[in-house]
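Chemist: Sharing a model prediction with you, sequence too.
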Amino acid sequence: MTLNGNTATQNGEMHPTAPCNPLSIDVQPDIDHFIWSGFRGTNFYCLHGRAPAISGGAAAGKMVMEYRESVVKVVCCIQGNTRITVRQSLSSEVSAHGHNLYFVTANTPVVIEWPYQEPQELLIIDLHLDLFTKYFPLHHRTFAALNGSISRQHPVALSDAGLPLSPEISALVFDIIYCKRRDFSKTYYLKAKIIELLLLQAEQRWESDTVYHHQPLRDDEVHRVYQVRDILHNEPAANHTLLSLAHRVGTNDATLKKHFKQVLGTTVFHYLTAHRMQLAKKMLLEENEKVASVAQRVGYKHGTHFTAAFKKYFGYLPTQIKTWLICILWDPIELLWLVI
């Protein structure tokens with residue numbers, strides 16, 4: 001699919017090119033995706049599907065984008081592996097359950113590629129540079145190099161190696177992709193999510209510089225951490241212990257504890273609790289599950305223990321979740337601070 005000078009919405013409508021809208025988009029081959037144009041030209045792209053294998057060669061899926069002005073591109077990879085290339089000077093891979101952020105200068109093609117026959121789910125957000133600089137803490141010393149590259153108009157990534165999707169960021173990605181709000185409420189809702197996403201990306205980047213900064217891990221050690229993370233994702237209701245998880249990936253509990261913190265910036269059980277709570281929130285909102293059923297599905301034998309954990313994590317009871325969200329959405333005081 002190729003768009004020149006315009007952007008298509010989920011409803012198939014065309015919008016004139018806003019400051020950070022691409023001059024062109026070329027997706028090869030066509031896979032399921034939506035394009036939604038939001039506030040101040042902010043654009044959201046979700047690619048979902050797989051590139052077909054072509055006889056005689058390892059064909060890959062590809063998306064090429066070019067912009068009339070400098071933009072910041074947020075890339076979150078839920079499934080599959082993606083390579084981002086901005087000129088020859090900047091090329092990096094965003095692995096499954098990973099994310100990164102890129103500053104892209106005007107008239108610079110951005111190539112996004114993924115392997116053939118590999119399931120792919122990818123969220124891409126293009127941000128106007130003014131919006132990014134307003135909400136991202138570029139003044140912090142951790143981001144001095146990023147700020148300098150932006151000032152010099154030089155393409156740069158937030159992290160050379162990419163960052164892992166935390167449960168909190170994964171939940172934000174889900175909320176953005178499956179947002180069902182319309183009109184003005186969708187604009188405010190997505191803007192709030194973007195501001196929160198930028199904050200979490202900044203925090204994670206800062207933590208990656210401060211946690212065991214002088215002790216880089218081997219590839220096999222990092223792989224074990226991701227194996228444990230996948231176990232927690234796939235088995236949220238299981239009664240995990242640090243020792244049992246360590247034995248499943250061929251290490252010991254002390255090493256796993258240290259390496260997990262180094263790679264993901266949090267402890268194993270904080271990560272598990274966060275994942276359980278985000279999963280529970282999704283079930284309550286999207287699947288209309290009863291609290292007792294949700295508690296069982298995320299590893300709590302007693303509903304009272306789950307309710308206490310949920311309130312401690314989110315600040316409100318699971319039975320109040322829909323009422324709380326409606327109040328936030330329609331309370332004018334809560335909305336005013338979001339206005340640019």
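Modeler: Thanks, I have it. Everything numeric in this text was worked out from a predicted model, so none of it was measured. Numbers count the residues shown, from 1 in each chain.
Chemist: and the strand or helix carrying Leu190, what's its mean pLDDT?
Modeler: Assigned by DSSP states H and E, Leu190 falls within helix 183-210. The predicted model assigns helix 183-210 a mean pLDDT of 85.
Chemist: Show me where the stretch 51-200 of the chain has its helices.
Modeler: 129-135, 144-151, 167-177, 183-210 (DSSP state H, counting those that start in this stretch).
Chemist: between those, which one is nearest to Glu287?
Modeler: helix 167-177 (12.8 Å; CB to CB). Every C-beta, even on glycine, is put in place using the N, C-alpha and C of the backbone.
Chemist: on that earlier part again, may I see the helices of the stretch 51-200 of the chain organised as JSON lines, with distance to Glu69 and mean neighbour count added?
Modeler: Shown next, in JSON lines, are these (distance: least, CB to CB, whole Å; neighbours: other CB atoms under 10 Å):
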{"stretch": "helix 129-135", "distance to Glu69": "7", "mean neighbour count": "16"}
{"stretch": "helix 144-151", "distance to Glu69": "13", "mean neighbour count": "15"}
{"stretch": "helix 167-177", "distance to Glu69": "23", "mean neighbour count": "20"}
{"stretch": "helix 183-210", "distance to Glu69": "18", "mean neighbour count": "17"}
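Chemist: between the ones you listed, which gets nearest to Tyr226?
Modeler: Closest among these, using CB to CB: helix 167-177, at 14.0 Å.
Chemist: What is the closest one packed up against?
Modeler: strand 71-79, strand 120-128, helix 183-210, helix 268-286 (3 or more CB pairs under 8 Å, 6 or more residues apart in numbering; DSSP states H and E).
Chemist: Next, the contact list for the residue nearest to Arg276 when sequence neighbours are not counted, please.
Modeler: In this structure, Arg276 finds its nearest non-sequential neighbour in Val298, 4.2 Å apart by CB to CB, 6 or more residues apart in numbering. Going by CB atoms under 8 Å, 6 or more residues apart in numbering, Val298 touches 236-237, 276-277, 279-280, 283, 306.
Chemist: cool, and Arg248?
Modeler: Per CB under 8 Å, 6+ apart, neighbours of Arg248: 227-228, 231.
Chemist: And the pLDDT at it?
Modeler: For Arg248, the predicted pLDDT is 96.
Chemist: Can you tell me who the residue nearest the centre of the chain pairs with across the strands?
Modeler: In the chain, the C-alpha nearest the mean C-alpha coordinate belongs to Cys76, at 4.0 Å (CA atoms, centre = their mean). Beta bridges link Cys76 to His99, Leu123, judged by DSSP bridges.
Chemist: can you pull the contacts of it?
Modeler: Counted by CB under 8 Å, 6+ apart, Cys76 has contacts 94, 98-99, 122-124, 165, 169, 173.
Chemist: now with 6 Å?
Modeler: 99, 123, 173 (CB atoms under 6 Å, 6 or more residues apart in numbering).
Chemist: which one is Tyr45 nearest to, not counting chain neighbours?
Modeler: Per CB to CB, 6+ apart, closest to Tyr45 is Ile124, 4.2 Å.
Chemist: Can you give me the neighbour number for Gly80?
Modeler: By other CB atoms under 10 Å, 21 other residues sit near Gly80.
Chemist: thinking again about what came up before, from memory the residue nearest to Tyr45 sits against Met63, does it?
Modeler: No. The pair Ile124 / Met63 is not scored as a contact, 8.1 Å apart, by CB atoms under 6 Å.
Chemist: quick one on the thing from earlier: between the contacts of Cys76, which is nearest Gln204?
Modeler: Distance to Gln204 across these (CB to CB) is lowest for His99, with 8.6 Å.
Chemist: still on that earlier bit, looking at the helices and strands packed on helix 167-177, spot the one closest to Ser244.
Modeler: Per CB to CB, nearest to Ser244 of the helices and strands packed on helix 167-177: helix 268-286, 11.0 Å.
Chemist: Can you spell out which helices and strands pack onto the closest one?
Modeler: Using 3 or more CB pairs under 6 Å, 6 or more residues apart in numbering; DSSP states H and E, the elements in contact with helix 268-286 are helix 167-177.
Chemist: which other residues reach the helix it packs on?
Modeler: By CB under 6 Å, 6+ apart, helix 167-177 touches 46, 76, 123, 193, 197, 200, 274-275, 278.
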